[in-house]
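In: just need the structure, nothing else, for what follows:
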Amino acid sequence: MVTSFILLRARRGSVKSLAENLAERPGIAEVYSVSGNFDLVAIARVKDNDALADLVTGELASIEDITHSETMLAFRAFSRHDLQSMFSIGTS
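Out: Residues are numbered from 1 along each chain as shown. Just a heads-up that it's a prediction; the model follows:
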């Protein structure tokens, strides 16, 4: 499983409709509207790098409401839950 974070700028007035469009697509697990230099962050979870390439350079590149994107590939996941289980000594 390949996880990536896709940072997106949207055409003015299209953030909500773009987010809804993205959320319906296979491979997109979550979409967040955010503050800062980007309008949306989409989290993609796909089978392999080829599937990610198809999603980003094929599907997403054809959406006119996306004016700019940057894709970051996740190497490892670190969450509070993961860290707690790593350091657990079996006490309740």
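
In: just the strands from the protein, written as ranges.
Out: Secondary structure of the chain, counting by DSSP state E: strands at 2-10, 28-33, 40-46, 66-73.

In: dump the ones you listed into TSV; add mean neighbour count and distance to R80 as well.
Out: For glycine as for every other residue, the C-beta is placed from the backbone atoms N, C-alpha and C. Converted to TSV, those look like this (neighbours: other CB atoms under 10 Å; distance: least, CB to CB, whole Å):
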stretch	mean neighbour count	distance to R80
strand 2-10	19	17
strand 28-33	15	18
strand 40-46	20	18
strand 66-73	14	21
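
In: distance to D54 and mean pLDDT added to those strands, as TSV?
Out: What follows is the strands of the chain, written out as TSV (distance: least, CB to CB, whole Å; pLDDT from 0 to 100):
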stretch	distance to D54	mean pLDDT
strand 2-10	12	97
strand 28-33	13	98
strand 40-46	8	98
strand 66-73	13	98
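
In: make TSV from those strands and add distance to S79 to it.
Out: TSV is the format used below for the strands of the chain (distance: least, CB to CB, whole Å):
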stretch	distance to S79
strand 2-10	12
strand 28-33	14
strand 40-46	13
strand 66-73	17
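
In: with V56 as the reference, name the closest of those.
Out: Proximity to V56 (CB to CB) singles out strand 66-73 among the strands of the chain, at 5.4 Å.

In: and the angle for that closest one with strand 40-46?
Out: 50 degrees (axes from the mean of the first three to the mean of the last three CA atoms, to 10 degrees).

In: perfect, I'm done here.
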